[in-house]
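Peer 1: Predicted model, plus sequence, below.
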Amino acid sequence: MAKPLNIGLIGYGFMGRTHSNAYNRLTNFFDSPYQPVLKVICGLEKDVAQAFANRWGYEEAETDWHKVVERPDIDLVDICVPNNMHAEIAIAAAKAGKAILCEKPLALNSAQAEEMVLAIEAAKVPNMVSFNYRRIPAVTLAKQLIDEGRLGKIFHYRSQFLQDWTISADVPQGGMATWRLDVKAAGSGVTGDLLAHCIDTALWLNGSIADVSAMTETFIKQRKHAETGKVEEVGIDDACAFMCHFANGSLGLFESTRYARGHKALYTLEINGEHASIRWDLHDLHRLEYFDHRDDSLVRGWRSVHVTDGDMPYMKKWWVPGLQIGYEHSFVHQLADFLEAMDQGKPCSPTFREALETQKICDAVLDSARSRQWTSVG
Ligand code: SOE
């Protein structure tokens, strides 16, 4: 019998929806030790929060996050607000003894992320950061193939995250849907927002990064601020590219932009090893491309593995072989893993401490772009 787990979710934007969907779907498909109970949704505007509560099944709507964190009946605080609010809420939730699921990136910078890690570890509360792409079955399968040694020694790791939604100078900075363009709310631009995903997956698949050499660009230097109504300097990076050395000796090449006309959310990765290579693409997320040089040369070539069979990661829980799943399922998977680990008293990756490593790399990337020097990861 699943134990009830009372959820307080803070933030009713895009991520609030992905997480709410996961709470609702979890026990339809997974034998979780916990049954999420949607106690309270919290957001700035009462009527929006109430409409969200009605749509997703929360018992109550709240506008003050302190009240959510202080409620004795809340077991898990889920943080889906802009990055500049993560630290304060997470530290308060840790002190109140709550389990915490926090959206990425963990913080505005690594100094702030470090404070969060200290608070969470002192409180010994279950914690996880939502880097959901690890749990797309094809990406999880890539991890399995690498860990089995199928690729052999890794030489190259290449990854991009391309979007095109900020090309117009009319897109404002700040405000509900566009806070990602406001450096005070976001901390950085594509580095923290998009490259953080690529970095998290890379650390998981290929190990730690030693140093980086980066360049960034802000193509549109001034934008109207949605909150003040004034035209203000833009402080975020619109595009970022960096190269790096991994500790295992392989070379990394990363790129992210919101100015790649035609690309909406093209997250790709390719890994080249001594024996085999793998390639993955978010726009075709249920496929893993695999090339193995040890195949019979007459039929050797790139295979496109349709990741839907029951022996592939997570797929047994869903439909039948051949029927694919999508983006939203990665949030169900991370929730399933988090609650399973919580029940067993084990950490669930990526923990706050692991996400701190990603934050340190983001900081090193931004430092390197400023100094135009190779920069060691702090
Ligand atoms: C930005 O547009 C964004 O929504 C990111 O914030 C998410 O983390 C990414 O998964 C999709 O794009």
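Peer 2: Looks like it came in fine.
Peer 1: OK, contacts around the residue lying closest to Glu70 once chain neighbours are set aside?
Peer 2: Spatial nearest neighbour of Glu70, excluding adjacent residues (Cβ to Cβ, 6 or more residues apart in numbering): Ala96 at 6.5 Å. Glycine gets a C-beta too; all of them are placed from N, C-alpha and C. If you count contacts by Cβ atoms under 8 Å, 6 or more residues apart in numbering, Ala96 has them with 69-70, 77.
Peer 1: cool, and Ala247?
Peer 2: Going by Cβ under 8 Å, 6+ apart, Ala247 touches 207-210.
Peer 1: out of these, which are buried?
Peer 2: Burial of the contacts of Ala247 was assessed by neighbour count (16 or more other Cβ atoms under 10 Å); the buried members are 207, 209-210.
Peer 1: And those, which is closest to Val234?
Peer 2: Using Cβ to Cβ, Ile209 is the member of the buried ones among the contacts of Ala247 that sits closest to Val234, with 27.5 Å.
Peer 1: Helix, strand or coil: sort out Pro36 for me.
Peer 2: Here Pro36 is recorded as strand under DSSP: H, G, I helix; E, B strand; the rest coil.
Peer 1: That one against Gly8, yeah?
Peer 2: No: taking Cβ atoms under 8 Å as the contact criterion, Pro36 and Gly8 are not neighbours in contact, 11.0 Å apart.
Peer 1: how about TSV for the contacts of Ala96, with secondary structure added?
Peer 2: Output for the contacts of Ala96, formatted as TSV (three-state DSSP):
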residue	secondary structure
Val69	helix
Glu70	helix
Val77	strand
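Peer 1: can you put the residues you listed in TSV and add neighbour count, distance to the ligand and pLDDT?
Peer 2: Supplementary listing: the contacts of Ala96 in TSV, determined by neighbours: other Cβ atoms under 10 Å; distance: Cβ to the nearest ligand atom, whole Å; pLDDT from 0 to 100:
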residue	neighbour count	distance to the ligand	pLDDT
Val69	24	24	98
Glu70	14	29	98
Val77	26	20	99
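Peer 1: Quick check: the gap between the residue of the stretch 151-300 of the chain found nearest the ligand and Asp78.
Peer 2: Of all residues in the stretch 151-300 of the chain, Asp193 sits closest to the ligand, with a separation of 4.8 Å (Cβ to the nearest ligand atom). Separation of Asp193 from Asp78 (Cβ to Cβ, to the nearest Å): 19 Å.
Peer 1: Which residue of these two possesses the greater neighbour count?
Peer 2: Legend: neighbour count by other Cβ atoms under 10 Å for Asp193 and Asp78, higher for Asp78 (30 against 23).
Peer 1: what lines up beside the host helix or strand of that one in the sheet?
Peer 2: Counting by DSSP states H and E, the element that carries Asp78 is strand 76-79. Take DSSP bridges as the rule and strand 76-79 pairs in its sheet with strand 3-10 (parallel), strand 99-103 (parallel).
Peer 1: Render the CA-only coordinates of it in CSV, please.
Peer 2: These are the backbone C-alpha positions of strand 76-79, laid out as CSV (Å, rounded to 0.1, in the frame of the first residue of the first chain):
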residue,chain,number,x,y,z
LEU,A,76,7.9,17.5,0.0
VAL,A,77,8.5,21.0,-1.3
ASP,A,78,8.8,21.2,-5.0
ILE,A,79,10.5,24.4,-6.3
